[in-house]
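Q: for reference, the sequence and a predicted model appear below.
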Amino acid sequence: MKHVFLCGNPALDLACTLRARRTAPFETLDAPDRLDAWYVESGIVDALSPCREADLVQAVVVREAIYALVTARLAGDGYDGEALALVNETARKPPAAPQLTAEGRWVEATPEQALSTVARHAIELLSGPEVPLMKECANPECTKIFIDRSRGGRREWCGMESCGNKIKAAAYRARKKEAQTTGAT
């Protein structure tokens, strides 16, 4: 399974690996090898020692803490103390460290180092200048949060291929149906 990275920040991308939280939650990190793939596909690491079940459980717990912090920030609420402590504790651990090789940059890490790197991304995001750019997808069924770096800051959806096209097509069908209904009377 290829993971999707539409959010603009690895911490948000990890938070969004549980999809459709409000309607029909769909877990994309359902096995340790899926977490391995996520770390590599996200660009956090180039190589990773294999994740174990305990690494997956920890990543999901940290993911939920990141999501709680991000949604609290979007709502203008205070942070949950446990979520804040967990993200900070995870970030204090050694991160994945890039190395320079003859071929270029290479990052090899343990699952704990990769997760620490993601937690550090969350801290940088939530304490940095991109906070005002964070938005939740306008699709009511989607719960992805992304950074809107579009010109003019008018991006509404996490991605056009998924939510944008779905919403636009539904609106078009509704307009067409309304036109047929009013034209028939």
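A: Received it, and whenever you're ready, just let me know what you need. Residues are numbered from 1 along each chain as shown.
Q: walk me through which strands the longest strand seen in the chain pairs with, and which way each runs.
A: Ranked by residue count and defined by DSSP state E, the top strand of the chain is strand 104-109. Strand 104-109 has the following strand partners under DSSP bridges: strand 47-48 (parallel), strand 98-101 (antiparallel).
Q: these two touch, right, V45 and E108?
A: Yes - counting by C-beta atoms under 8 Å, E108 is a contact partner of V45 at 6.6 Å. C-beta: built from backbone N, CA, C; applies to glycine.
Q: joint contacts of these two?
A: Contact criterion C-beta atoms under 8 Å, 6 or more residues apart in numbering; residues shared by V45 and E108: A96.
Q: those two - which one has more neighbours?
A: V45 (22 against 14; other C-beta atoms under 10 Å).
Q: so who does the more buried one touch?
A: Applying C-beta under 8 Å, 6+ apart, the residues near V45 are 39, 96, 107-109, 114, 117.
Q: just the buried ones from the residues you listed?
A: Among those, the ones that count as buried by 16 or more other C-beta atoms under 10 Å are 39, 96, 107, 109, 114, 117.
Q: before we move on, the earlier item: possible to save the contacts of V45 as TSV with distance to A138 and pLDDT?
A: Output for the contacts of V45, formatted as TSV (distance: C-beta to C-beta, whole Å; pLDDT from 0 to 100):
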residue	distance to A138	pLDDT
Y39	29	98
A96	34	97
V107	35	98
E108	39	97
A109	35	98
A114	31	98
T117	30	98
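Q: I123 versus the residue positioned nearest the centre of the chain, what's the distance?
A: Nearest to the geometric centre of the chain sits D13, at 2.1 Å (C-alpha atoms, centre = their mean). To I123, D13 is 15 Å away according to C-beta to C-beta, to the nearest Å.
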